[in-house]
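> Pasting the sequence and the predicted model now:
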Amino acid sequence: MNTNRCFSETKLTAGQAASILSRIKKVKLYEKDIVRLYSIQFNHPMEWHPSRFLNSRYGCDVMERTYFIDHNDLYELIDNFDSIYLQLLTYKPSEEETVFAFYWVHLNNQSGSGKILKVYKGSGSDLPPKSTVCDKYVYKVALKHEGKTYWNGEEPRLSDFIDEVHQLKLVEIKNIFNEDDWYTYHYRRCKAFMGYTKKEFEAAVKKHFERQNRK
């Protein structure tokens with residue numbers, strides 16, 4: 001079959017590729033399916049570029065990706081579709097594709113208005129409604145509280161979980177380094193050269209971890 005008539009661009013988005021492949025193979029495919037088929041066929045992730053942030057929908061600045069595929073690679077997906085489509089049906093997302101989030105189940109009874117904390121780890125396409133997308137560190141903190149019921153607006157926010165992440169990392173540092181090691185050494189340097197109190201130094205370490213988490 002001559003597939004050159006179907007598309008002419010050097011690169012297509014995964015959504016465009018899904019539309020073309022669906023037409024050719026008479027199977028309904030979505031953007032996520034092209035990303036997964038590509039990963040199965042070539043054993044490495046597709047090229048992607050940042051497109052927008054999901055803060056308006058999920059309450060957290062999480063970057064959305066637009067995936068691109070070269071037309072030659074799409075030809076190869078078409079040629080090998082029958083074999084790799086079977087693998088797609090049992091495909092498990094890689095760690096890079098995994099989305100972490102937490103969400104609330106609402107309760108209303110005589111005790112008042114409550115919320116039960118739930119966490120999610122899986123494909124972004126199966127994300128529960130009104131979830132707050134987070135990183136894996138916040139997810140681990142939220143996981144410890146999963147199933148807990150919060151009443152009358154006392155539920156923690158994303159910023160509360162982030163604060164707990166930073167506090168845990170500070171404790172970890174203090175447990176690893178004794179008085180003669182890294183933590184105390186750098187605290188004394190900050191105190192000597194910048195006049196930091198211990199509280200200010202811990203705040204600086206916290207900001208450092210914030211920058212690390214954004215990378």
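Ah, there it is.
> next structured bit after the helix or strand of the chain with the lowest mean pLDDT?
Across the helices and strands of the chain, mean pLDDT, DSSP states H and E gives its lowest value to helix 55-58, namely a mean of 38. Counting by DSSP states H and E, the next helix or strand C-terminal to helix 55-58 is strand 63-70.
> Give the partner strands of that next one in its sheet and their orientations.
Using DSSP bridges, the strands paired with strand 63-70 are strand 11-13 (antiparallel), strand 47-53 (antiparallel).
> Tell me the buried residues in it?
Buried residues in strand 63-70, counting neighbours by 16 or more other C-beta atoms under 10 Å, are found at 65, 67-69. Every residue, glycine included, has its C-beta placed from N, CA and C.
> For this protein, give me the ranges with low pLDDT.
Along the chain, the parts satisfying pLDDT under 70 run over 1-9, 50-64, 91-97, 110-112, 125, 172-196, 208-215.
> swap the cut-off to 80 and go again
Scanning the chain for pLDDT under 80 picks out 1-10, 48-65, 89-98, 108-113, 123-127, 152-153, 166-215.
> Domain boundaries for the protein, per the record?
3-88, 98-156 (automatic domain parsing).
> Dump these to TSV, plus distance to residue 197.
Listed next are the domains of the chain as TSV, based on distance: least, C-beta to C-beta, whole Å:
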stretch	distance to residue 197
domain 3-88	31
domain 98-156	26
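> Can you tell me how far residue 168 is from residue 86?
According to C-beta to C-beta, to the nearest Å, residue 168 stands 43 Å off from residue 86.
> more crowded one of those two?
residue 168 (14 against 10; other C-beta atoms under 10 Å).
> what's the top helix by length along the chain packed up against?
Longest helix of the chain, by residue count under DSSP state H: helix 158-176. Secondary-structure packing of helix 158-176 (3 or more C-beta pairs under 8 Å, 6 or more residues apart in numbering; DSSP states H and E): strand 132-134, helix 136-144, helix 182-194, helix 198-214.
> now it and helix 136-144, what's the angle there?
Counting by axes from the mean of the first three to the mean of the last three C-alpha atoms, to 10 degrees, helix 158-176 lies at 100 degrees to helix 136-144.
> Helix 158-176: which residues count as buried?
158, 161-162, 164-166, 169-170, 173.
> ok, so of those residues, who is nearest residue 148?
Proximity of the buried residues of helix 158-176 to residue 148 was ranked by C-beta to C-beta; the top entry is residue 161 with 12.6 Å.
> my read: the closest one touches residue 132, true?
No. The criterion here is C-beta atoms under 8 Å, and residue 161 misses it with residue 132 at 9.0 Å.
> Common neighbours of those two, please.
residue 102 (C-beta atoms under 8 Å, 6 or more residues apart in numbering).
> Can you give me the buried ones in stretch 131-148?
Buried residues in stretch 131-148, counted by 16+ other C-beta under 10 Å: 131-134, 137-142.
> Now distance to residue 80 too, for the residues you listed, in CSV please.
Output for those, formatted as CSV (distance: C-beta to C-beta, whole Å):
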residue, distance to residue 80
131, 35
132, 39
133, 33
134, 37
137, 38
138, 39
139, 35
140, 38
141, 42
142, 40
